[in-house]
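**Student:** Only the shape, not the letters, is given here:
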Ligand SMILES: [Cu+2]
């Protein structure tokens with residue numbers, strides 16, 4: 001009698017697993033007083049980086065190898081999904097002393 005109930009539940013679980021890749025994480029990088037924190041982040045391809053700018057001026061997260069160039073308006077949060085593996089040094093184009101590293105595993 002309960003047999004009919006199982007199939008839709010199992011199907012929903014399977015689709016859910018496919019829609020959301022396992023272990024995808026959201027990692028926060030905060031810019032405060034001209035400093036990226038944490039200054040070194042380990043992530044994986046598919047993870048999302050949440051760039052949180054707590055300063056009253058704009059920053060960028062600009063990869064030295066050209067992989068990304070995120071603009072962070074003052075007091076705003078922007079997100080990007082990591083697409084390529086590698087160890088990427090990045091900096092702020094407006095404040096070149098702001099530097100940090102993103103280690104992205106495949
Ligand atoms: Cu800056």
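**Tutor:** Perfect, I can see it now. As the structure is a computational prediction, the values presented were derived from the model and not from experiment.
**Student:** outside of stretch 51-67, which residues touch it?
**Tutor:** 28-34, 36, 68-80, 84, 86, 88-95, 98, 100, 102 (C-beta atoms under 8 Å, 6 or more residues apart in numbering). To be clear about C-beta, it is placed using only N, CA and C from the backbone, and glycine gets the same treatment.
**Student:** now the end-to-end length of that stretch.
**Tutor:** 16 Å (C-alpha to C-alpha, to the nearest Å).
**Student:** Can you list the buried residues in that stretch?
**Tutor:** By neighbour count on 16 or more other C-beta atoms under 10 Å, the buried set for stretch 51-67 is 51-53, 55, 58-63.
**Student:** could I get these as a markdown table with secondary structure, distance to residue 41 and pLDDT?
**Tutor:** A markdown table is the format used below for the buried residues of stretch 51-67 (DSSP: H, G, I helix; E, B strand; the rest coil; distance: C-beta to C-beta, whole Å; pLDDT from 0 to 100):
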| residue | secondary structure | distance to residue 41 | pLDDT |
| --- | --- | --- | --- |
| 51 | strand | 11 | 98 |
| 52 | strand | 13 | 98 |
| 53 | strand | 16 | 98 |
| 55 | coil | 19 | 98 |
| 58 | coil | 21 | 98 |
| 59 | strand | 16 | 98 |
| 60 | strand | 16 | 98 |
| 61 | strand | 11 | 98 |
| 62 | strand | 15 | 98 |
| 63 | strand | 13 | 96 |
